[in-house]
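In: A predicted structure for the sequence below; I have some questions about it.
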Amino acid sequence: MSLEDLVGEMSAQADKLKELNHSVLFDLGDEGKILLDATGGEVKITPNPDGEDAETTLVLSSENLVKLVNGDLNPMVAFTLGKLKVFGSKGIALKLSSLLDK
């Protein structure tokens, strides 16, 4: 799945993510990076080739990102199994997890 397709999958969940009020960088390794910026009352999800800093960085595969966004992968299970690594604020990652579970 291309980076643009992943951004589209995530954008479909934008209404849920408004409550996040933080920025999260999804590092997909060689496939690229996606920045989720939910600050300022709106949600912006964009490819981020320069790797701009965010409050929290999540490192995972693109396949696991799709599963996570669609609710097919529990974030806590993914973290426990090593499919998801969190750098930065774990609290923001937990808040994101709870928003995706809605």
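Out: Alright, I've got the coordinates.
In: name the surrounding residues that touch stretch 32-50.
Out: With CB atoms under 8 Å, 6 or more residues apart in numbering as the test, stretch 32-50 has contacts from 3-4, 6-7, 10-11, 14, 17-28, 51-52, 54, 65. C-beta coordinates here come from the backbone N, C-alpha and C atoms, glycine included.
In: go again using 7 Å as the cut-off
Out: 3, 6-7, 10-11, 14, 17-18, 20-27, 51-52, 54 (CB atoms under 7 Å, 6 or more residues apart in numbering).
In: how near is Asp72 to Leu20?
Out: Distance, Asp72 to Leu20, using CB to CB, to the nearest Å: 20 Å.
In: returning to what we had before: which members of the contacts of stretch 32-50 are positioned in strands?
Out: Ser23, Val24, Leu25, Phe26, Asp27 (DSSP state E).
In: contact partners for the second one?
Out: With CB under 7 Å, 6+ apart as the criterion, the residues that contact Val24 are Leu36, Ala54, Thr56, Leu58, Ile92, Leu96.
In: and the nearest residue to it once chain neighbours are set aside, helix, strand or coil?
Out: Using CB to CB, 6 or more residues apart in numbering and skipping residues adjacent in sequence, the residue nearest Val24 is Leu36, 4.6 Å away. Following DSSP: H, G, I helix; E, B strand; the rest coil, we place Leu36 in the strand state.
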